[in-house]
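K.L.:
curious how this folds, go ahead:
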Amino acid sequence: MTALILARMQFAFTVSFHFLFPAFTIGLASYLAVLEGLWLKTGKGVYANLFRYWVKIFAVVFAMGVVSGIVMSYQFGTNWSVFSDKAGPVIGPLMAYEVLTAFFLEAGFLGVMLFGINKVGRRLHFAATLAVAVGTFISAFWILSVNSWMQTPAGYETSANGQFLPGPSWMAIIFNPSFPYRLVHTVLAAYLTTAFVVGGVGASHLLKDRTNPGARAMFSMAMWMAAIVAPVQIFAGDMHGLNTLEHQPVKVMAMEGHYDSHPDGAPLILFGVPNSAEKRVDYAVEIPKASSLILKHDLDAPLKGLDSVPDEDEPPVGIVFWAFRIMVGLGFAMFGLGLWSLVARWRKGLYDWPWLHHAAVAMGPAGFIAVLAGWVVTEVGRQPFTIYGLLRTVDSASPLDAPAVGASLLAFVIVYFTVFGAGIWYLLHLMKKPPEPHEAGLDGTPIRSAGVTPIAAVIKGDTP
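P.N.:
Sure thing, here's the model as predicted:
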């Protein structure tokens, strides 16, 4: 356990914990905007009830995301000072743009969204909700631009002391070759993550009471998202994979488990046990030439393997290989559940098929697992570089002793599991409560469904 390995473990632990929260809030903010928009348009109290139900959850998740994200920025200075020094002129401004645009927008309008119900009109409150939703997307835009530049660096110049400096055009840096694909793929993943959480919560309450209008509405909306977005995500993932093959071919070799080059068409290895010591995949279950068909759209297209790469430039194949299969497998499972829901809807059994509801509950955390697996593929597949092909991870770390890094890692583990464990327990406690079965305020007072009720009365529970 060297200082480098411990520093990598620390950042992997904190970024994985943090990534769970934005993956949820990006989609949930948009879902809240949709709910409030539907309520304003239709006047149906069921949408206002669902808004009240999920806005509490959003507030907790957003707070945990902010706190867990701040910690990572300190690690750039403590554990990765060499990387910060060399890449700071490029990535520093991009991260500052995220704070100045997205974070300020979210933080400013979040207060109106959460606490301004009785202070502003319904249109201004809806505008605040939209601003928060847009802010979460802008935040993803800048952070993914930073990460994408580290994956496919472009638009930079190198100084005499080895620093990476901005070139003539910032557009080349921001819109680097992998950024559009990574942005679409990640944002769609966030929407699917939210959809399956909402669908799982709705399904769990339908198993207890099939007549609950809030549970029926949230489950129906979530299954529409699954049915529509999952196939789009599969297509976006395929396009992202082709982009990765062009710019990071070694990562694709690890994903596919191709230790050997295949001049006459490469097989698609479905499952197996990567054996890096012997440079092969043991117990491989494969489809001949299918990998060439997927990646090159030609059964006989040649594909290079890891035998064409120096050993010191290979990523950890086993981790990338299995993380990729977990991500893809869950993606197709989401697609399958979406198709199942369409059949149930067509057969008029969307709210009456308990096996569908049990499957939706089981798939509730699938989005979180899939985005973490995808993140592992992205980050571990980039190794041994922090800036792909330009700056190695071993040359990016601060000159620290292993005990110092190990002590801080242990502290992070204890604090994170204590604080965020309590937060997650509270979120599950909120989700366990069913949405209000009647169109009522917080005090249980019935709300008239005819016409449009001011959102302040819906939240407060006043009867118009």
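K.L.:
what segments of the stretch 151-300 of the chain are strands?
P.N.:
With strands called from DSSP state E, counting those that start in this stretch, the stretch 151-300 of the chain shows them at 156-158, 164-166, 268-275, 280-287.
K.L.:
who does the first one touch, helix- and strand-wise?
P.N.:
To tie it back to what came earlier, the one meant is strand 156-158. With contacts defined as 3 or more C-beta pairs under 8 Å, 6 or more residues apart in numbering; DSSP states H and E, the packing partners of strand 156-158 are strand 164-166. No exception for glycine: its C-beta is placed from N, CA and C like everyone else's.
K.L.:
run through who's touching the strand it packs on.
P.N.:
If you take C-beta atoms under 8 Å, 6 or more residues apart in numbering as the criterion, strand 164-166 is touched by 86-87, 89-90, 93, 153, 155-159, 173, 387, 390.
K.L.:
so in that sheet, which strands flank that strand, and in what orientation?
P.N.:
Its sheet considered, strand 164-166 pairs with strand 156-158 (antiparallel) by DSSP bridges.
K.L.:
next, the buried residues of stretch 64-78.
P.N.:
By neighbour count with 16 or more other C-beta atoms under 10 Å, stretch 64-78 contains the buried residues 64-66, 68-69, 71, 75-76.
K.L.:
and the average pLDDT for it is what?
P.N.:
Regarding stretch 64-78, the rounded mean pLDDT is 83.
K.L.:
quick one: contacts of that stretch?
P.N.:
Residues contacting stretch 64-78 (C-beta under 8 Å, 6+ apart): 7, 10-11, 14-15, 17-18, 21-22, 25, 83-84, 95, 398, 400, 408, 412, 416, 419-420, 423.
K.L.:
just the buried ones among those residues, please.
P.N.:
Buried among the contacts of stretch 64-78 by 16+ other C-beta under 10 Å: 7, 10-11, 14-15, 17-18, 21-22, 25, 83-84, 95, 398, 400, 408, 412, 416, 420, 423.
K.L.:
among those residues, which lie within helices?
P.N.:
7, 10-11, 14-15, 17-18, 21-22, 25, 83-84, 95, 408, 412, 416, 420, 423 (DSSP state H).
K.L.:
put the alpha carbons of stretch 404-412 into PDB.
P.N.:
The C-alpha trace of stretch 404-412 is given here as PDB (Å, rounded to 0.1, in the frame of the first residue of the first chain):
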ATOM      1  CA  ALA A 404      -0.600  10.200   6.200                       C
ATOM      2  CA  VAL A 405      -2.700   9.300   3.200                       C
ATOM      3  CA  GLY A 406      -3.900   6.100   4.900                       C
ATOM      4  CA  ALA A 407      -5.000   8.000   8.000                       C
ATOM      5  CA  SER A 408      -7.100  10.500   5.900                       C
ATOM      6  CA  LEU A 409      -8.600   7.600   3.900                       C
ATOM      7  CA  LEU A 410      -9.700   5.900   7.100                       C
ATOM      8  CA  ALA A 411     -11.100   9.100   8.400                       C
ATOM      9  CA  PHE A 412     -13.100   9.600   5.200                       C
END
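K.L.:
report the buried residues of it.
P.N.:
So stretch 404-412, judged by 16+ other C-beta under 10 Å, has buried residues 405-406, 408-409, 412.
K.L.:
on that earlier part again, got the buried residues of stretch 64-78 as a markdown table, with secondary structure and distance to Leu350 columns?
P.N.:
A markdown table is the format used below for those (DSSP: H, G, I helix; E, B strand; the rest coil; distance: C-beta to C-beta, whole Å):
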| residue | secondary structure | distance to Leu350 |
| --- | --- | --- |
| Met64 | helix | 32 |
| Gly65 | helix | 32 |
| Val66 | helix | 36 |
| Ser68 | helix | 36 |
| Gly69 | helix | 37 |
| Val71 | helix | 42 |
| Gln75 | helix | 46 |
| Phe76 | helix | 48 |
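K.L.:
for those, which one is nearest Ala226?
P.N.:
The closest of these to Ala226 turns out to be Gly65 (C-beta to C-beta; 23.4 Å).
K.L.:
quick one: the closest one from Phe58, how far?
P.N.:
10 Å (C-beta to C-beta, to the nearest Å).
K.L.:
common neighbours of the two, please.
P.N.:
With C-beta under 8 Å, 6+ apart as the test, Gly65 and Phe58 both reach Thr25.
K.L.:
work out the gap between stretch 31-50 and the centre of the chain.
P.N.:
The chain centroid and the centroid of stretch 31-50 are separated by 25 Å under C-alpha atoms, centre = their mean, to the nearest Å.
K.L.:
how long is it end to end?
P.N.:
10 Å (C-alpha to C-alpha, to the nearest Å).
K.L.:
what's the answer for stretch 348-363, then?
P.N.:
Calculated as C-alpha to C-alpha, the first-to-last residue distance of stretch 348-363 is 22 Å.
K.L.:
what are the buried residues along it?
P.N.:
Buried positions in stretch 348-363, judged by neighbour count with 16+ other C-beta under 10 Å: 350-351, 353, 356-357, 359-361, 363.
K.L.:
try stretch 98-113
P.N.:
Buried, per 16+ other C-beta under 10 Å, within stretch 98-113: 98, 101-103, 105-106, 109-110, 112-113.
K.L.:
ok, now stretch 228-240?
P.N.:
Of the residues in stretch 228-240, those buried (16+ other C-beta under 10 Å) are 229-230, 233, 236-237, 240.
K.L.:
any idea how far Pro302 is from the spatially closest residue to Phe11 that is not a sequence neighbour?
P.N.:
Leaving aside its sequence neighbours, Phe11 sits nearest to Gln75 (C-beta to C-beta, 6 or more residues apart in numbering; 5.7 Å). Distance, Gln75 to Pro302, using C-beta to C-beta: 42 Å.
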